[in-house]
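Chemist: sequence and predicted model, in that order:
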Amino acid sequence: MTLHPRTYGLERGVLVEEVELAPPKYAPRGGPAGTYRASGYISPGWRRHHRQRRRLSVRDGLVARTAVTAVVSKERAERLLAPRDDLVLEHETSPGCFTGQEGPFDRYSREITVSELADGQAEVHQVVEFDLAIPWFRWLFVLPVRHYLGRLEPDAPIPHWLAPVRLDHRSTITLSALCAIGLINGYLGTLLGQTITYAGRQFHAGVAPQNVALAAIRVEAVLAILMLSLADRLGRRRIILAGTAAGCVATALGALAPSLAWLTASQVLARGCTNAVIVLLVVAAAEEVPAGARAYSVSLLAAVSALGAGICVVSLGVAGLSQSSWRILFAAGLLGLLALPSIASRLVESRRFSAPHEPAKIEGHGGRLWLLIASALLLQIFFAPLGQDRNQFLRTARGFTATHISLFTVATGIPGGIGLVVGGRLADVHGRRVVAATALIGGSLASLGVYLVSGWLMWIFAVIATILMAATIPSLGVYGPELFPTGVRGRANGIITMAGRVGSVIGLLAVAGLSGPLHGISRPLALLAAMPLIVGVLVMARYPETAQVELDYPETAQVELETINPEDCAPGAPDEPSSKEEP
């Protein structure tokens, strides 16, 4: 049922939207009053009986109520009187009155009254009131959710911008808190890569010293592994909050660095904490949300992390004001501490870590571990220098100023949201492997093209690369949490992270060593572009398909039992053999 806005106004202090139902396009000519004629004429009778009035109340600047009145068929009216089971699972408290039993709401209610009319029609009046359980980011979702809940379409599919399966109240709040942490760490994790070219200018360090510094920082993976191992013992929540606080403080210390070496040392601590937290965000989200929403949650975390990185990029103009103005961006890391108390009050331990699970050893998962280690190593050999050297390339080879670099990064990075949403949806609904392999191969070639062309063609390649590479984040990012049991999930992902750091060191040093003989970084990157192509083949040939598969035996699971990690079976639950053979 399509709705077309007619008028807007206030009625007794309440915002009113008048909408009209679109009539059927090809009703036969000469039909009864109220039918649409092929000539485009709509009779007054049709308008009178198919007009809706929506009353939308606004509280604290957010729409929380929608009322709709319409004339529909009696069959549709009967379906509207049944409890909903889509974005919200309703419970009927009395005839025509429903409350939310499960869904992403703090409060939800729906009241519907039906008055029978002649000719098999009925007048329906529906009022929906709701409060989304989404702190901080509620304003992004309230209007689309209001539109969805106000539709008189029973059994309407969940929109593509939401998780393919319903999230409950706890999962929604927890995922929101993880996203807020991701926003902070997205800024912290991007800062050095965006500003090192300006710090190098003050410290009189060229491309080679900068790449050596970026490579040396990769030893932070040792700290990250220690923190991730502790998370397997102490829980995800403690390490996420402590690591974020330490990362903010260590980043701010970089503003006082007297040399590139001191800046590198401070960033070892900062990046170690930040990268451990980023890995734990994905782990905690995968352990909290249902099976059909894991890739969606990873895409959401990636989106807010990209937003944090975007804040850094937009602020990059500050770094070009003077030789030392880049230090302001490092000192701004302390602002993240102000948000932590509010986040900590909403963040709870993940369901699967809190649930009983058997002790696990990493030795029994060697095949999966080595597969992901090889993938992380090969990917970072190419993508680490590709990302870290881009600002230096744009500033020196293309003559971009700090403002131009910010504009280029923001303009070509915003379309990545398309890849995150589409990639996460496809990975949850249709499977990980095809989405990951296709996007990885195409995105790698487009990323290389940015360094091989100039002018508007460079911008086009950058947009294509951003969209495709963003699609790989939810499809590949979930494998780390999914393929290992709860007891070793953090440690295993720490080892994979270490492999990625080793790959990034190899890639950065290779580009630094070859940039002189090959006269720039474009040709060295072209040589390294074979690495992600190999990973694309590995994904299709060796990766298992984990979409829609439960991680363990949580008591709240209502779908299929554990098929990936039998160690997570709750004590007393029946052992069920895995339907996925370990690669």
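Modeler: Looks like it came in fine.

Chemist: so where is this structure shaky, pLDDT-wise?
Modeler: Within the chain, the stretches with pLDDT under 70 are 1-63, 357-360, 548-583.

Chemist: now do the strands in this protein.
Modeler: Using DSSP state E, the strands assigned to the chain run over residues 3-11, 14-21, 51-59, 62-73, 89-94, 97-102, 105-116, 121-132.

Chemist: which residues in the stretch 151-300 of the chain form helices?
Modeler: For the stretch 151-300 of the chain, the helices defined by DSSP state H, counting those that start in this stretch cover 169-202, 207-216, 220-234, 236-253, 260-288, 294-314.

Chemist: next, the angle from the third one to helix 236-253.
Modeler: Relative orientation of helix 220-234 and helix 236-253, computed by axes from the mean of the first three to the mean of the last three C-alpha atoms, to 10 degrees: 150 degrees.

Chemist: list the buried ones in helix 220-234?
Modeler: Within helix 220-234, the residues scored as buried using 16 or more other C-beta atoms under 10 Å are Glu220, Ala221, Leu223, Ala224, Ile225, Met227, Leu228, Ser229, Leu230, Ala231, Asp232. The way it works is simple: take the backbone N, C-alpha and C, and place the C-beta from them, glycine included.

Chemist: which one of the residues you listed is nearest Ile239?
Modeler: Taking C-beta to C-beta as the measure, Ile239 lies nearest Ala231 of the buried residues of helix 220-234, at 4.2 Å.

Chemist: out of the helices of the stretch 151-300 of the chain, flag the one nearest Ala465.
Modeler: When the helices of the stretch 151-300 of the chain are compared by C-beta to C-beta, helix 294-314 sits nearest Ala465, at 14.0 Å.

Chemist: check which helices and strands that closest one is in contact with.
Modeler: helix 169-202, helix 260-288, helix 402-413, helix 416-430, helix 456-477 (3 or more C-beta pairs under 8 Å, 6 or more residues apart in numbering; DSSP states H and E).

Chemist: how near is Ala530 to Leu445?
Modeler: Separation of Ala530 from Leu445 (C-beta to C-beta, to the nearest Å): 11 Å.

Chemist: these two: which is more packed in?
Modeler: Ranked by neighbour count (other C-beta atoms under 10 Å), Ala530 and Leu445 place Leu445 first, with 16 against 12.

Chemist: quick check: closest non-adjacent residue to the more buried one.
Modeler: Ala529 (7.2 Å; C-beta to C-beta, 6 or more residues apart in numbering).

Chemist: dump the residue contacts of the one you found.
Modeler: Phe382, Ser444, Leu445, Leu448 (C-beta atoms under 8 Å, 6 or more residues apart in numbering).

Chemist: dump the residue contacts of the last one.
Modeler: This points to Leu448. Residues near Leu448 by C-beta under 8 Å, 6+ apart: Leu386, Leu525, Ala526, Ala529.

Chemist: now the buried members of those.
Modeler: Buried among those by 16+ other C-beta under 10 Å: Leu386, Leu525, Ala529.

Chemist: list just the nearest of these to His125.
Modeler: Using C-beta to C-beta, Leu386 is the member of those that lies nearest His125, at 57.5 Å.

Chemist: these two touch, right, that closest one and Ser447?
Modeler: Yes: counting by C-beta atoms under 8 Å, Leu386 touches Ser447, with 5.8 Å between them.

Chemist: so what's Asp428 up against?
Modeler: Asp428 sits next to Ala163, Pro164, Gly292, Ala293, Arg294, Ala295, Tyr296, Pro474, Ala547, Gln548 when contact means C-beta under 8 Å, 6+ apart.

Chemist: which non-adjacent residue is nearest the fourth one?
Modeler: Looking back up the chat, that one is Ala293. Leaving aside its sequence neighbours, Ala293 sits nearest to Ala163 (C-beta to C-beta, 6+ apart; 3.9 Å).

Chemist: neighbours around that neighbour, how many?
Modeler: There are 26 residues near Ala163, going by other C-beta under 10 Å.

Chemist: and if you look at Pro135?
Modeler: Per other C-beta under 10 Å, the neighbour tally for Pro135 reads 17.

Chemist: measure it to Gly103 for me?
Modeler: Per C-beta to C-beta, Pro135 is found 16 Å from Gly103.

Chemist: and if you look at Ala309?
Modeler: Taking C-beta to C-beta, one finds Ala309 at 31 Å from Gly103.

Chemist: quick one: residues contacting the most centrally placed residue in the chain.
Modeler: Nearest residue to the geometric centre of the chain (C-alpha atoms, centre = their mean): Leu300, 1.7 Å. Applying C-beta under 8 Å, 6+ apart, one finds that Leu300 lies in contact with Leu175, Cys179, Leu420, Gly424.

Chemist: by neighbours, which of those residues wins?
Modeler: Top of the contacts of Leu300 by neighbour count (other C-beta under 10 Å): Gly424, with 31 neighbours.

Chemist: stretch 112-122: end-to-end distance?
Modeler: 12 Å (C-alpha to C-alpha, to the nearest Å).

Chemist: show me the contacts for Gln126.
Modeler: By C-beta under 8 Å, 6+ apart, the residues touching Gln126 are Ala67, Val68, Thr69, Leu80, Arg110, Glu111, Ile112, Gly150, Leu152.

Chemist: how close does it get to Arg76?
Modeler: Counting by C-beta to C-beta - Gln126 and Arg76 are separated by 12 Å.

Chemist: and for those two, which residues touch both?
Modeler: Joint contacts of Gln126 and Arg76 (C-beta under 8 Å, 6+ apart) are Leu152.

Chemist: touching, Phe484 and Asn493? I think so.
Modeler: Yes: judged on C-beta under 8 Å, Phe484 makes contact with Asn493 at a distance of 7.4 Å.

Chemist: check the gap between the closest residue to Glu220 other than its chain neighbours and Arg138 for me.
Modeler: Distances taken as C-beta to C-beta, 6+ apart put Gly272 closest to Glu220, at 3.5 Å, once the chain neighbours are dropped. Using C-beta to C-beta, one obtains 33 Å as the distance from Gly272 to Arg138.

Chemist: was I right to think Arg237 contacts Val348?
Modeler: Yes: counting by C-beta under 8 Å, Val348 is a contact partner of Arg237 at 6.7 Å.

Chemist: ok, those two, which is more surrounded?
Modeler: Set Arg237 next to Val348 and count neighbours by other C-beta under 10 Å: Arg237 wins out with 21 against 16.

Chemist: so what's the more buried one closest to, chain neighbours aside?
Modeler: Nearest one to Arg237, counting by C-beta to C-beta, 6+ apart, is Glu349 at 4.8 Å.

Chemist: ok, now which ones touch the one you found?
Modeler: Gly235, Arg236, Arg237.

Chemist: could you do His91 as well?
Modeler: Contacts of His91 by C-beta under 8 Å, 6+ apart are Pro83, Phe98, Thr99, Gly100, Gln101.

Chemist: redo that, cut-off 10 Å
Modeler: The contact partners of His91, taken as C-beta atoms under 10 Å, 6 or more residues apart in numbering, are Pro83, Cys97, Phe98, Thr99, Gly100, Gln101, Glu102, Tyr108.

Chemist: measure the fifth one to Leu152 for me?
Modeler: Computed as C-beta to C-beta, the Gly100 to Leu152 distance reads 18 Å.

Chemist: now the first one
Modeler: Going from Pro83 to Leu152 by C-beta to C-beta gives 15 Å.

Chemist: also the fourth one?
Modeler: According to C-beta to C-beta, Thr99 stands 19 Å off from Leu152.

Chemist: now swap in His91 and tell me
Modeler: Between His91 and Leu152 the computed distance is 20 Å (C-beta to C-beta).

Chemist: which neighbours do Phe484 and Asn493 share?
Modeler: Residues touching both Phe484 and Asn493 by C-beta under 10 Å, 6+ apart: Asp232, Val283, Leu369, Leu372.
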